[in-house]
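**Student:** Just the structure for this:
(2 chains)
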Amino acid sequence: MRLQSQMLKTTVTSLLAFIFIVLIVLVPRDLDLSLDGNLWVTNYSFDLGEYVNRIYDYFAQAIQNGTLGESRYEGQSSEAAAFGAVGKSLLVIVSALIIGFVFGILKGILDYKLSKTKWNVLGHWTTWLFQSIPDFFLMLIAQWLLIKHVPAIRYFAVEGWEAFVLPSLLVSIYPVFFIARITSASLLAQEGKLYILLAKAKGLSDRKVVYKHMLRNGIATILTHLPGLLVFILSNLLVVEYYRNYPGAAWRLFQALDFNTFSGTGGYYEPGVIIYIAFSFMVLFMIVQWISHAARKYFDPR
Amino acid sequence: MKNFPLWIGGALLAFFVFVMLAGPYMPFIDKDLNKEPSRWVMKDGKEKLTLPPYKPSAQNWLGTDKKGVDNLSKLVVTAKDTILLVLGITAVRYAIGIPLGLLARKKKGFIHQLITFWNQMCSYLPPVFASALLLALPFFLFSQQRMGWAILILASVEAGRVAITIQQQTYKMASEPYMEAGTALGLRTRTLTKNYYIPILFPEVIVNFCLDMGKVMLLLGQLAIVNIFLGHEWKEVNYYVMEFVEKGYNWATILSKHRSDIWLGKFQFVIYPAFAMMLLIITFNLLGEGLRRRFQVKG
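**Tutor:** Next comes the predicted model:
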């Protein structure tokens, strides 16, 4: 029962967050421009009645037409644009989640084992360092290295193996170190506990103690951070797609915002596309949270 | 005890403070950021007229930009504004988070619901998406107090998380014997807060504050990459052409000015501000880690 109520709570919060985003997206963005002598002036005033009407009209029209309007490209609906972009990034997001989780745990175990030797610097400190480097700098260095020194790899490829492998690897760099830190912390916290001492007293090998006892106990803690991992992946995805000019979900979301420095929001503002992409992110987030809840229940039924 | 992170972090912080205060007055720094449209350079024994950008030399350690402004000077002159901005956002974030966390210390009531919801809502979208969505609203774009709003938005995006951390800490403290003793003695809430909660919370708060400074710098960098400024004014830049012109000059604006270079394979201008930001983030993370060891806060 607790699992179900937890899942329900997650779902409700995610839905509320999504509704909040829809409300922000639908805020009127038309500017009243007028000439004052020879100078353009604008007085933007927010009118609640107009705002409510706009939301009502938007959804009435959406229900009537069965679509949230066209995208900026003629003949393409918002749905097609948004889900097409999400589809391009989905594989990257999922593989980054898996790479981050699996290699993160392995790196965490490595850090833990190295902390017992004189190679400690290679363990915890590399993890710490990579966590401290901002993603926009790390990607910049990666891009510079690949473009200038490994011309055989087509960095800006939109199809072929590079289009999938490059972003997946770049996006999962940070998650690996994020999970590694949590893993090694949870392993360190279990040191000296009675069940570990008992397992060692029984003569089990170190490997067995770590994998069968410590990791099994720590995995519940690691799994609580799975949704946080997804947030990091999405924010890295933005930087990677932006640098590569790759029309994936994060890139398309910013294109749909149509932000420019002249009037703020341009004429190609696509509320439908933003809503659908935010919706896809919310669904992804919810699924990951459900997996995290269910797996925790399975590994740690206490 | 050897506390390397604290020593290195402290040294780096001292370096940044020095750059903030005395940097612009150093002899090799051009305080006024003068442009140099052309320059005579000796090449193969002949004097040749060259145009900017100039390559790194004894005169310009990191070279100059396309207008002939020294790159190093730009970073040094803007360091103060950048660091104060980061400090300001983080301070506002804690000014919102700490009182809310303290008010919700019993884990029930309206404020508890509020911060739980706030935290969960903001953890579903990455901070950069959430702040970009809010900062691009016309109301905030054309507001006279744009800078104030921007600081408030960036602060509140993660204020819920701060409040939750404080709440968990105080909740845990409430069941400790010394707190029960204080309550049994009949101390007022104000005295309890002043003499019990704040001194015990202080180490944890200061550690997290340092780490948050790093996070704010990261967020500013990410926003710069997508070309959203914090403080700007809508000005006429050409005949009948209005544009948002950034008011402040900090590392984020330098980064966003050169961001299109990324697609052209030119990295020299983007790398400098990004590197400065990374150094600042590492400084604060080192400080946080060092203080954590110093105060023995579990992380």
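**Student:** contacting residues for the one residue in chain B that gets nearest to chain A?
**Tutor:** Among the residues of chain B, B:Pro126 lies closest to chain A, at 3.4 Å counting by Cβ to the nearest Cβ. (Glycine included, C-beta is placed from N, CA and C.) B:Pro126 makes contact with A:Val231, A:Phe232, A:Leu234, A:Ser235, A:Leu238 under the criterion Cβ atoms under 8 Å, 6 or more residues apart in numbering or on different chains.
**Student:** Helices of the stretch 1-150 of chain A, start to end?
**Tutor:** Assigned by DSSP state H, counting those that start in this stretch, the helices in the stretch 1-150 of chain A fall at A:2-25, A:48-65, A:78-114, A:120, A:126-132, A:135-149.
**Student:** Specify which residues of the chain, grouped into ranges, have pLDDT under the cut-off.
**Tutor:** I'll assume chain A. Along chain A, segments meeting pLDDT under 70 span A:1, A:302.
**Student:** Can you look at chain B instead?
**Tutor:** Along chain B, the model assigns pLDDT under 70 to residues B:1, B:297-299.
**Student:** just checking, what's the longest helix in it?
**Tutor:** Secondary structure of chain B read by DSSP state H shows that its longest helix is helix B:71-103.
**Student:** so does it get close to chain A?
**Tutor:** No - taking Cβ under 8 Å from any Cβ of the partner chain as the criterion, helix B:71-103 and chain A are apart, separated by no less than 12.7 Å.
**Student:** Buried residues, that helix. List them.
**Tutor:** Using 16 or more other Cβ atoms under 10 Å in any protein chain shown as the test for burial, helix B:71-103 gives B:71-83, B:85-86, B:88-90, B:92-94, B:96-98, B:100-103.
**Student:** Leaving out sequence neighbours, find the closest residue to the closest residue to chain B within the stretch 151-300 of chain A.
**Tutor:** Closest to chain B within the stretch 151-300 of chain A is A:Ser235: 3.4 Å, counting by Cβ to the nearest Cβ. Leaving aside its sequence neighbours, A:Ser235 sits nearest to B:Pro126 (Cβ to Cβ, 6 or more residues apart in numbering or on different chains; 3.4 Å).
**Student:** do B:Thr116 as well
**Tutor:** Taking Cβ to Cβ, 6+ apart as the measure, B:Thr116 lies nearest to B:Ile164, with 7.2 Å between them; neighbours along the chain are not counted.
**Student:** list the contacts for that neighbour?
**Tutor:** For B:Ile164, the contact set (Cβ under 8 Å, 6+ apart) comprises B:Gly101, B:Ile115, B:Thr116, B:Asn119.
**Student:** Now name the helix or strand holding it.
**Tutor:** Element membership of B:Ile164, judged by DSSP states H and E, is helix B:159-174.
**Student:** packing partners for the very next helix or strand once past that helix?
**Tutor:** Counting by DSSP H and E, the element after helix B:159-174 in chain order, helix or strand, is helix B:177-184. Helices and strands touching helix B:177-184, as assessed by 3 or more Cβ pairs under 8 Å, 6 or more residues apart in numbering or on different chains; DSSP states H and E, comprise helix B:189-192.
**Student:** just checking, next helix/strand downstream of the helix it packs on?
**Tutor:** helix B:198-225.
**Student:** helices or strands up against that next one?
**Tutor:** For helix B:198-225, the packing partners by 3+ Cβ pairs under 8 Å, 6+ apart come out as helix A:135-149, helix A:226-244, helix B:71-103, helix B:127-135, helix B:146-157, helix B:159-174, helix B:251-257, helix B:268-295.
**Student:** Quick one: closest of those helices to A:Gly66.
**Tutor:** Shortest separation from A:Gly66 across these is recorded for helix B:127-135, at 26.1 Å, computed as Cβ to Cβ.
**Student:** do you know how far the residue of chain A most remote from its centre is from chain B?
**Tutor:** The centre of chain A is farthest from one residue, A:Gly37, which by Cα atoms, centre = their mean lies 48.5 Å away. Look at A:Gly37 and chain B: by Cβ to the nearest Cβ, to the nearest Å, they are 11 Å apart.
**Student:** do A:Gly75 as well
**Tutor:** When Cβ to the nearest Cβ is applied, the distance between A:Gly75 and chain B equals 27 Å.
**Student:** what do you get for A:Ala142?
**Tutor:** Between A:Ala142 and chain B the computed distance is 11 Å (Cβ to the nearest Cβ).
**Student:** can you check A:Gln131 too?
**Tutor:** Using Cβ to the nearest Cβ, A:Gln131 is found at 8 Å from chain B.
**Student:** count of residues packed around that residue?
**Tutor:** Other residues near A:Gln131 come to 16 when the count uses other Cβ atoms under 10 Å in any protein chain shown.
**Student:** ok, now A:Leu8?
**Tutor:** By the other Cβ under 10 Å criterion, the neighbourhood of A:Leu8 contains 10 residues.
**Student:** how distant is stretch B:242-262 from the center of its chain?
**Tutor:** On the basis of Cα atoms, centre = their mean, to the nearest Å, the separation between the geometric centre of stretch B:242-262 and that of its chain is 16 Å.
**Student:** do you know which of the helices of the stretch 1-150 of chain A lies nearest B:Asn195?
**Tutor:** Put simply, out of the helices of the stretch 1-150 of chain A the one that sits nearest B:Asn195 is helix A:126-132, at 35.4 Å, with distance taken as Cβ to Cβ.
**Student:** Now do the most centrally placed residue in chain A against A:Gln4, distance only.
**Tutor:** Nearest to the geometric centre of chain A sits A:Leu234, at 2.3 Å (Cα atoms, centre = their mean). Shown here: A:Leu234 relative to A:Gln4, a distance of 27 Å by Cβ to Cβ, to the nearest Å.
**Student:** same deal with A:Val102?
**Tutor:** Separation of A:Val102 from A:Gln4 (Cβ to Cβ): 29 Å.
**Student:** neighbour count winner among the two?
**Tutor:** More neighbours surround A:Val102 than the other of A:Val102 and A:Gln4, with 13 against 9 (other Cβ under 10 Å).
**Student:** could you redo the helices and strands packed on helix B:198-225 as JSON lines and give each row distance to B:Leu219?
**Tutor:** Compiled in JSON lines, the helices and strands packed on helix B:198-225 are given as follows (distance: least, Cβ to Cβ, whole Å):
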{"stretch": "helix A:135-149", "distance to B:Leu219": "11"}
{"stretch": "helix A:226-244", "distance to B:Leu219": "9"}
{"stretch": "helix B:71-103", "distance to B:Leu219": "8"}
{"stretch": "helix B:127-135", "distance to B:Leu219": "5"}
{"stretch": "helix B:146-157", "distance to B:Leu219": "6"}
{"stretch": "helix B:159-174", "distance to B:Leu219": "13"}
{"stretch": "helix B:251-257", "distance to B:Leu219": "10"}
{"stretch": "helix B:268-295", "distance to B:Leu219": "11"}
